[in-house]
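Asker: Mind looking at a prediction? Sequence and model below.
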Amino acid sequence: MKKKLVLIGNGMAGVNAIEQLLKLAPGKYEITVFGSEPHPNYNRILLSSVLAGDANIKDIVINDWSWYRENGITLHTGQTVTTIDTTKQVVISDKGTTVAYDELIIATGSLPFMLPLPGADKEGVIAFRDIKDCETMLETAKHYKRAVVIGGGLLGLEAARGLRNLNMEVSVVHIFKHLMERQLDETAARMLQEELESQGMQFLLEKHTDSILGGKRVTGVRFKDGSEVKADLVVMAVGIRPNIALAKESGVEINRGIVVGDYMETNVPHVYAVGECAEHRGVAYGLVAPLYEQGSELAKRLAGVPSAGYQGSVVSTKLKVSGVNVFSAGQFAGEPGTKSVRVQDDFDGIYKKIVIRDGKVVGAVLFGDTTEGSKLFAMIRNGEDVRGREKEILLGSQGGAKASGVEYAASMANEEIVCGCNGVSKGTIMNAIAEKGCTSVNDVKYCTKASGSCGGCKPLVADLLTVALGADGVTSVKEGICSCTLYSRDEVVDAIKRMKLTTSKEVMNVLEWKNPEGCSKCRPALNYYLGMIWPEEHEDEVESRAVNERNHGNIQKDSTYSVIPRIHGGVTTAEDLKKIADVAVKYNVQTVKITGAQRIGLYGIKKEDLPSVWQDLDMTSGFAYGKSLRAVKTCVGSTWCRFGTQDAMSMGIELEKRLERLSTPAKTKVAVSGCPRNCAEATIKDLGVVAIDGGWELYVGGNGGTDVRPAELLVKVKSEEEVIEWTLAYFQYYRENANYNERTSKWIERVGLESVKQALESEEERLALKERFEKSAGLTKDPWKEIIEKQHLSQTYESLVPQDAANIV
Ligand SMILES: Cc1cc2nc3c(=O)[nH]c(=O)nc-3n(C[C@H](O)[C@H](O)[C@H](O)COP(=O)(O)OP(=O)(O)OC[C@H]3O[C@@H](n4cnc5c(N)ncnc54)[C@H](O)[C@@H]3O)c2cc1C
Ligand SMILES: NC(=O)c1ccc[n+]([C@@H]2O[C@H](COP(=O)([O-])OP(=O)(O)OC[C@H]3O[C@@H](n4cnc5c(N)ncnc54)[C@H](O)[C@@H]3O)[C@@H](O)[C@H]2O)c1
Ligand code: SF4
Ligand code: FES
């Protein structure tokens with residue numbers, strides 16, 4: 001006779017344990033499952049994606065009704081077990097269903113912690129835990145405008161992002177001075193906050209909530225300092241508490257959670273606990289990876305398979321907010337006895353930190369670029385000795401590169417876990433590739449579940465596919481330019497041309513964007529593509545531009561702005577220097593700095609002073625904030641230098657005058673050196689011009705930022721006219737072919753230098769490209785002058801610089 005197994009809690013941990021048990025001992029148990037929610041088992045993690053509009057409820061079901069039937073499982077949904085009689089070994093539900101057990105699993109999960117504030121019971125005050133909460137938010141957003149999320153942790157920020165996607169105004173209230181303090185250090189948290197602010201979220205930090213205001217329905221939140229914020233919806237995301245009331249009443253030992261041993265056994269014979277409700281060695285986990293590890297040990301125990309038992313888990317997290325990459329694992333804070341390696345690039349918004357103790361990586365924080373997350377997490381879990389290579393992990397060896405993702409994937413042991421969310425090892429993935437013919441990340445997801453939840457392991461799964469099949473054997477999954485569409489960049493550009501679409505709204509309508517307002521990723525991209533394709537017809541959609549571009553200045557950490565006027569080729573005059581000095585004195589400028597691009601920056605200008613500063617300067621904008629040419633750096637060349645073979649300064653000035661103002665897919669930097677000694681460092685620029693005997697060499701695709709990349713030789717030419725011709729043609733080809741936001745270094749790496757050479761080879765093509773560039777460049781105007789002129793027509797600066805582009809970075 002089969003033994004009777006009862007599971008209380010139809011959630012992720014309990015059902016996963018049953019799935020694993022069915023694999024190890026099919027048919028050993030007659031299984032009954034109770035679940036309070038009226039749904040089959042679903043992926044709670046993906047509720048954030050449902051709220052953000054990237055998935056619907058149907059998509060997130062893990063095991064549908066037929067799975068229970070096919071495995072002979074009796075499922076009681078919408079029934080809460082209220083009694084466990086551990087002597088008679090029966091459970092009783094609130095609907096009176098009584099079921100006997102030989103073995104019992106309690107997997108009741110957690111309850112969201114609701115702050116016990118006066119007014120917290122008002123309509124419109126909810127948690128974010130289940131499908132019902134998600135549906136409430138979706139519905140509320142149809143009728144109301146203002147949401148307040150209390151709690152700046154993972155859940156709060158994912159809720160806030162979802163509510164923004166639903167076009168609500170969102171304020172996040174956080175008790176500490178930086179967000180996600182459980183996962184991030186202050187630097188990463190600050191970068192995250194800036195990023196989210198530019199997506200339109202407001203933050204109220206170091207705020208202690210006092211009460212919820214309103215009548216029947218919430219109208220606002222009051223804080224202990226007396227201030228208030230208006231709200232039509234309040235979402236509490238201030239943590240969770242293990243759901244242990246039933247276990248407690250049934251005489252099962254509890255502490256913070258249900259106390260379990262290494263085999264998930266409680267103090268009561270035949271009663272086990274798994275998931276968020278369980279406390280193992282003093283820890284109750286709140287992420288699925290450890291819960292699945294627990295489930296695996298429990299399944300072995302129930303199947304009678306010997307094992308070492310559960311030993312506890314190191315956890316990693318990834319914030320699921322589109323356009324924001326944040327990863328954190330282990331002891332990230334850097335306590336005494338630890339040392340850290342950090343890389344920070346404020347320009348590209350990248351921050352990486354690893355924490356080392358006794359030669360081992362014990363923690364990591366990644367912001368902006370999380371591709372190394374899985375690799376670092378595996379190092380932390382395995383306790384790999386990295387003595388002597390500490391810096392290489394983030395920076396690469398001297399003169400060499402970091403181990404590539406593919407090399408790392410190849411070196412992993414088969415039993416190493418690749419997908420923490422779903423507990424999938426490298427071995428399982430390699431088997432699926434070999435035996436089930438998987439050739440894409442999507443195939444692997446379908447066959448093994450790897451990459452199906454937070455998506456953090458996608459890069460590693462892709463690398464494993466490359467290890468198994470070679471780069472040519474991997475099918476890339478079709479991904480749209482953002483989560484609003486499945487159309488790729490080329491398809492969107494093609495549709496704009498074919499159907500003569502001239503506004504973003506039209507593109508979104510015609511191509512049936514999922515989110516009719518677009519998002520922070522697609523709106524600036526569409527504005528760029530439209531401007532590039534229809535330079536005359538398309539009217540720049542300023543509200544779709546990034547915040548610095550809207551303001552024509554870079555916003556600084558104290559919310560003031562920088563003003564950096566154009567200084568062609570880095571060559572200035574006493575006249576201009578006098579003007580800059582006068583402005584610096586008049587406006588009490590805090591810092592006057594020679595920038596890395598040979599110009600002069602004025603830092604600490606108040607936003608309201610910007611137009612008068614521009615007017616007093618009477619110089620043009622240096623576009624130090626724009627996705628366009630930043631500057632042309634030059635050396636003194638043959639004018640002064642005894643080694644110089646050509647006039648680098650004149651060439652630089654001419655190039656800057658030709659290239660300035662016109663939008664490019666990403667920022668671009670140019671340099672001109674007067675001889676091969678290359679003092680202007682032209683070979684780490686998007687375009688570098690180096691004088692040689694009797695001519696010039698043009699280098700392309702260089703980068704001196706985080707991912708240093710030497711530029712590659714495009715062509716050698718003889719005359720100055722040819723330098724101009726090739727430069728403009730190259731820039732136009734880049735404008736027409738790169739993805740929005742793709743630097744030339746990444747673009748050339750992707751498409752290969754040869755394809756660029758081929759495109760520019762024929763003189764006819766080159767001249768046509770040059771002509772298109774010149775036509776578009778001829779239509780641009782200096783934005784500072786435009787604003788000053790319009791102000792004279794009594795338009796205010798605020799009205800000229802749209803600030804309502806809430807979710808644009
Ligand atoms: C929006 C959101 C996003 C998340 N994102 C991530 C993420 O990206 N990565 C990550 O690792 N984790 C994430 N989590 C956390 C993760 O979802 C949980 O760790 C996981 O779901 C816990 O699984 P569990 O089975 O222990 O509990 P649950 O999934 O909560 O399941 C418990 C179930 O038991 C039911 N139940 C309770 N008591 C009874 C009873 N007496 N009788 C019958 N049924 C009962 C409950 O109704 C519930 O359905 C997220 C959570 C949320 C809410
Ligand atoms: N991407 C992910 O991995 C992910 C996403 C969502 C949820 N989750 C999990 O779901 C669970 C719940 O998430 P969570 O973010 O609610 O929990 P949490 O405990 O991680 O974070 C709660 C946050 O709220 C803040 N807080 C506490 N009291 C507050 C108050 N009175 N006012 C303002 N802020 C206050 C805390 O400082 C903390 O940062 C966690 O276990 C989390 O790991 C994970
Ligand atoms: S690159 Fe050549 S010409 Fe220019 S400053 Fe250096 S040595 Fe002189
Ligand atoms: S690690 Fe989250 S889906 Fe794989």
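Answerer: Nice, thanks for sending it over. This is a predicted model, so every value here is computed, not measured. Ligands and ions are numbered 1, 2, ... in the order given.
Asker: Leaving out the residues flanking it, which one is nearest to residue 224?
Answerer: Residue nearest to residue 224 in three dimensions, not counting chain neighbours: residue 208, with 4.1 Å by C-beta to C-beta, 6 or more residues apart in numbering. Just so you know, the C-beta spots here come from the backbone N, C-alpha and C atoms, and that holds for glycine as well.
Asker: So what does the nearest residue to residue 695 once chain neighbours are set aside have for phi and psi?
Answerer: Leaving out its chain neighbours, the residue that sits closest to residue 695 by C-beta to C-beta, 6+ apart is residue 718, at 4.4 Å. Main-chain torsions, residue 718, degrees, to the nearest 10: phi -100, psi -40.
Asker: Hmm, residue 698 and residue 718 touching each other?
Answerer: No - assessed by C-beta atoms under 8 Å, residue 718 is found out of contact with residue 698, at 11.9 Å.
Asker: Name the residues of the longest helix along the chain that come out as buried.
Answerer: Looking across the chain with DSSP state H, the single longest helix is helix 720-737. Buried residues in helix 720-737, counted by 16 or more other C-beta atoms under 10 Å: 720, 722-737.
Asker: In the protein, what residue comes closest to ligand 1?
Answerer: Across the chain, the shortest distance to ligand 1 (C-beta to the nearest ligand atom) belongs to residue 11, at 1.8 Å.
Asker: Relative to ligand 2, how far out is the closest residue to that residue other than its chain neighbours?
Answerer: By the measure of C-beta to C-beta, 6+ apart, the closest residue to residue 11 outside its immediate chain neighbours is residue 109, 4.9 Å from it. From residue 109 across to ligand 2, the span is 10 Å (C-beta to the nearest ligand atom, to the nearest Å).
Asker: quick one on the thing from earlier: could you count how many residues lie near the residue nearest to residue 224?
Answerer: Neighbourhood size, residue 208 [other C-beta atoms under 10 Å]: 9.
Asker: circling back to that earlier point, which ones are touching the residue nearest to residue 11?
Answerer: With contact set as C-beta atoms under 8 Å, 6 or more residues apart in numbering, residue 109 has these partners: 9, 11, 13, 242, 243, 275, 276, 277.
Asker: Next: residue 627.
Answerer: 528, 546, 549, 663, 664, 665, 666, 667, 741.
Asker: So among those, where is pLDDT lowest?
Answerer: Note: of those, the lowest pLDDT belongs to residue 546, at 77.
Asker: thought that residue was touching residue 521?
Answerer: No - using C-beta under 8 Å, residue 546 is not in contact with residue 521, being 11.3 Å away.
Asker: which one of these two has more residues nearby?
Answerer: More crowded of residue 546 and residue 521, by other C-beta under 10 Å: residue 521, with 21 against 18.
Asker: where do the strands sit along the stretch 301-450 of the chain?
Answerer: Along the stretch 301-450 of the chain, counting by DSSP state E, counting those that start in this stretch, strands occupy 316-318, 326-330, 339-345, 350-357, 360-367, 417-419, 424-425.
Asker: can those go into CSV with extra columns for mean neighbour count?
Answerer: Compiled in CSV, the strands of the stretch 301-450 of the chain are given as follows (neighbours: other C-beta atoms under 10 Å):
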stretch, mean neighbour count
strand 316-318, 24
strand 326-330, 26
strand 339-345, 15
strand 350-357, 22
strand 360-367, 25
strand 417-419, 26
strand 424-425, 21
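Asker: Identify the residues contacting the longest helix of the chain?
Answerer: Residues from elsewhere that reach helix 720-737 (C-beta under 8 Å, 6+ apart): 532, 651, 654-655, 658-659, 662-665, 668, 670, 687, 689, 696, 698, 700, 714-715, 717, 744, 747, 751, 756, 759-760, 765-767, 769-770, 772-774, 776.
Asker: And for stretch 407-419?
Answerer: With C-beta under 8 Å, 6+ apart as the criterion, stretch 407-419 contacts 289, 374-375, 378, 381-382, 403, 423-427, 429-430, 448-453, 457, 460-461, 463-464, 466-467.
Asker: Quick check on those: which are buried?
Answerer: 289, 374-375, 378, 381, 403, 423-426, 429-430, 448-453, 457, 460-461, 463-464, 466-467.
Asker: these two touch, right, residue 241 and residue 110?
Answerer: Yes - contact status for residue 241 versus residue 110: in contact at 6.0 Å, counting by C-beta under 8 Å.
Asker: hang on, the earlier thing: looking at residue 718 and residue 698, which is more packed in?
Answerer: residue 698 (21 against 10).
Asker: what pLDDT, on average, does whatever helix or strand the more buried one lives in get?
Answerer: Using DSSP states H and E, residue 698 sits within strand 695-700. Averaged across strand 695-700, pLDDT comes to 98.
Asker: so what strands line up beside it?
Answerer: When pairing is defined by DSSP bridges, strand 695-700 lines up against strand 687-692 (antiparallel), strand 712-717 (antiparallel).
Asker: Any residue of stretch 92-108 touching ligand 1?
Answerer: Yes - against ligand 1, stretch 92-108 shows contacts by C-beta under 6 Å from any ligand atom at 107, 108.
Asker: so how far is the first residue of that stretch from its last?
Answerer: Stretch 92-108 has an end-to-end distance of 15 Å (C-alpha to C-alpha, to the nearest Å).
Asker: try stretch 549-564
Answerer: Start-to-end span of stretch 549-564 (C-alpha to C-alpha) is 13 Å.
Asker: residues of that stretch that come out buried?
Answerer: 549, 550, 551, 552, 553, 554, 555, 560, 561, 562, 563, 564.
Asker: now, which of those residues lie within helices?
Answerer: Mapping these onto helices (DSSP H) picks out 549, 550, 551.
Asker: What is the nearest of those residues to ligand 4?
Answerer: Nearest to ligand 4 out of those is residue 549 (C-beta to the nearest ligand atom; 34.1 Å).
Asker: For the residue nearest to the closest one when sequence neighbours are not counted, the count of nearby residues, please.
Answerer: Of all residues not flanking residue 549 in the chain, residue 626 sits nearest, at 5.6 Å (C-beta to C-beta, 6+ apart). By the criterion of other C-beta under 10 Å, residue 626 has 23 neighbours.
Asker: can you check the one 5 residues further on too?
Answerer: Look at residue 631: counted by other C-beta under 10 Å, it has 28 neighbours.
Asker: Redo the buried residues of stretch 549-564 as a markdown table? Include distance to residue 52.
Answerer: Shown next, in a markdown table, are the buried residues of stretch 549-564 (distance: C-beta to C-beta, whole Å):
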| residue | distance to residue 52 |
| --- | --- |
| 549 | 25 |
| 550 | 24 |
| 551 | 28 |
| 552 | 31 |
| 553 | 31 |
| 554 | 29 |
| 555 | 26 |
| 560 | 33 |
| 561 | 32 |
| 562 | 34 |
| 563 | 37 |
| 564 | 37 |
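Asker: out of the contacts of residue 109, which is most surrounded?
Answerer: Per-residue neighbour counts (other C-beta under 10 Å) across the contacts of residue 109 peak at residue 275, which has 33 neighbours.
Asker: For it, give its distance to residue 722.
Answerer: Distance from residue 275 to residue 722, counting by C-beta to C-beta, to the nearest Å: 69 Å.
Asker: Ok, residue 484 next?
Answerer: Using C-beta to C-beta, we find residue 484 at a distance of 43 Å from residue 722.
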